[in-house]
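Student: Could you look at this predicted model? Sequence included:
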Amino acid sequence: MQRMPARPARLWLARRAALAALLLPVLLANADRSRAGEPEFGGECLMGLAEGKRIKTTCKVTWSDSDGKTYCFSTEDAKANFLNDPATYLQKAKEHFAAAEVEGTASNMVHFTSDDAQAFTDAYIKAQSDKNGGVFQLNDAMLGQTLALKLVKIDFVRTLHGYGFFPDVLFAAADTPDKTYLVDFWVKPRNGKLELMDARVYKAPRKEGDKWVMMTRQPKPWWWIPASEHPGESEQKRGWEIMSAIDEHIVGERAKSAGLFKLKDEKTGEEIALEFVGIHQPVRRLKENGKYFACSDFRRAGSKDEYYDIDFWLDENDGKITVNAARMHKVPVLEDGNFIQMPRYTFDPNTFEVIP
């Protein structure tokens, strides 16, 4: 976690204001290009990226989000598949696209500092707020709501080598100042300038007694991983390869059951219909036999509070990694009116190693 370096306040504020002023026209220009229909991901198939594949398209089949950004698909079937769960597939596509660009991003990052990322984010938030009467609107995909927020401050900027900068921003609800949110912005350099890739709620407010407190969302955004600042290239690629294999397995199983992932509870015998939420990082590998495994979050279909932690185990044959087993690691148990996750089994940390 990289905090802002100490410096004389007047100099820092002057530099930040100057950079923000320079960046504002760029932000507006980027918005104009998006509205004009310039495709995201360089015209690659959005659904292909969500499945860990890079497929060039002619952009004859497209879809536009609420921000006016245009995305391309290789076929009408790919687009129809995407529309079954747009928010989830778009998030996966962004993550896989970032993974494929690690090397290029790493070399471009030397031209920018965390100060630059903070000034860029500050300018972006203010520009968007100015368009909405001083309110910053953020789509909360987990709740299916658009949040109306007021900027409080940019808390700190985290740097992840090869992926970009991650400003952590404190907001207050526009109608309830005591309700605060911590939002992560993902900013990365591209073509000589910084661009916003994503923004996700990291901590959200919860009422406890007569006070609002911030609670960490589960699952956390993928960039909150215990990786080094300079992870090994081969291991980084292997970690993403494993996550892609799990994603492909989940997509295939969901296609069999109208978008739900069904898994039999080994203890009770019940087949449970689950909604996919996300995969945890990091990936782990057993020291004894070299098998990979990763944890993931699912929510019981029809429930907002019952979360399951599912472990996926993978084999590698002839260079191809595939899922061979899925087990319920943690299951929801009702205690004092709230569901909490209880583990079915535990791991000895001495038996595995972390793959960043």
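Tutor: All right, it came through fine.

Student: contacts, neighbours, all on C-alpha from now
Tutor: OK.

Student: where do the strands sit along the stretch 1-150 of the chain?
Tutor: Here the stretch 1-150 of the chain has its strands, by DSSP state E, counting those that start in this stretch, at 61-64, 70-73, 136-140, 145-160.

Student: so of these, which one's packed in deepest?
Tutor: strand 70-73 (a mean of 24; mean count of other C-alpha atoms under 10 Å).

Student: That one - contacts with which helices or strands?
Tutor: Identification of packing neighbours for strand 70-73 by 3 or more C-alpha pairs under 8 Å, 6 or more residues apart in numbering; DSSP states H and E yields helix 46-50, strand 61-64.

Student: How much space separates residue 347 from residue 353?
Tutor: Per C-alpha to C-alpha, to the nearest Å, residue 347 is found 11 Å from residue 353.

Student: ditto for residue 106
Tutor: Residue 106 is 25 Å from residue 353, by C-alpha to C-alpha.

Student: So which of the two has more stuff around it?
Tutor: Using other C-alpha atoms under 10 Å, the more surrounded residue of residue 106 and residue 353 is residue 106, with 18 against 15.

Student: now the helices: where do they sit in the stretch 101-250 of the chain?
Tutor: Here the stretch 101-250 of the chain has its helices, by DSSP state H, counting those that start in this stretch, at 102-108, 114-130, 233-256.

Student: Including mean pLDDT and distance to residue 197, could those go into TSV?
Tutor: Converted to TSV, the helices of the stretch 101-250 of the chain look like this (pLDDT from 0 to 100; distance: least, C-alpha to C-alpha, whole Å):
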stretch	mean pLDDT	distance to residue 197
helix 102-108	74	13
helix 114-130	96	11
helix 233-256	71	18
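
Student: Tell me, please, the helix or strand in the protein that averages the lowest pLDDT.
Tutor: helix 9-36 (a mean of 44; mean pLDDT, DSSP states H and E).

Student: who's in contact with residue 192?
Tutor: Residue 192 makes contacts with residue 108, as judged by C-alpha atoms under 8 Å, 6 or more residues apart in numbering.

Student: same question but for residue 296, I mixed them up
Tutor: Neighbours of residue 296 in contact, by C-alpha under 8 Å, 6+ apart: 277, 278, 279, 280, 309, 310, 311, 312.

Student: Return the member of these nearest to residue 139.
Tutor: Set against residue 139, the nearest of the contacts of residue 296 by C-alpha to C-alpha is residue 277 (16.2 Å).

Student: Which pLDDT value goes with residue 46?
Tutor: In this model, residue 46 is scored at 94, pLDDT.

Student: how close does it sit to residue 68?
Tutor: Distance from residue 46 to residue 68, by C-alpha to C-alpha: 15 Å.

Student: Please say which of the two ends up with more neighbours.
Tutor: The neighbour comparison of residue 46 against residue 68 (other C-alpha under 10 Å) goes to residue 46, with 31 against 16.

Student: Spit out the contact partners of the closest residue to residue 207 other than its chain neighbours.
Tutor: Nearest residue to residue 207, sequence neighbours excluded (C-alpha to C-alpha, 6 or more residues apart in numbering): residue 213, at 6.4 Å. Neighbouring residues of residue 213 by C-alpha under 8 Å, 6+ apart: 179, 180, 205, 206, 207.

Student: Run through the bridge partners of residue 213.
Tutor: Here residue 213 sits in beta bridges with residue 206, as judged by DSSP bridges.

Student: try residue 170
Tutor: Where residue 170 sits in a bridge, its partners, by DSSP bridges, are residue 153, residue 182.

Student: so it sits right up against residue 179, yeah?
Tutor: No - look at residue 170 against residue 179 with C-alpha atoms under 8 Å: they stay out of range, at 10.6 Å.

Student: Could you list the low-pLDDT ranges of the stretch 101-250 of the chain?
Tutor: Residue ranges of the stretch 101-250 of the chain with pLDDT under 70: 101-103, 141, 218-240.

Student: 80 - rerun?
Tutor: For the stretch 101-250 of the chain, applying pLDDT under 80 flags the ranges 101-107, 141-144, 160-163, 208, 216-241, 243-245, 247-248.

Student: From residue 202, how far off is residue 244?
Tutor: 23 Å.

Student: ok, now residue 177?
Tutor: 18 Å.

Student: dump the residue contacts of residue 310.
Tutor: Neighbours of residue 310 in contact, by C-alpha under 8 Å, 6+ apart: 295, 296, 297, 298, 326, 327, 328, 329, 330.

Student: Fine by me, thanks again.
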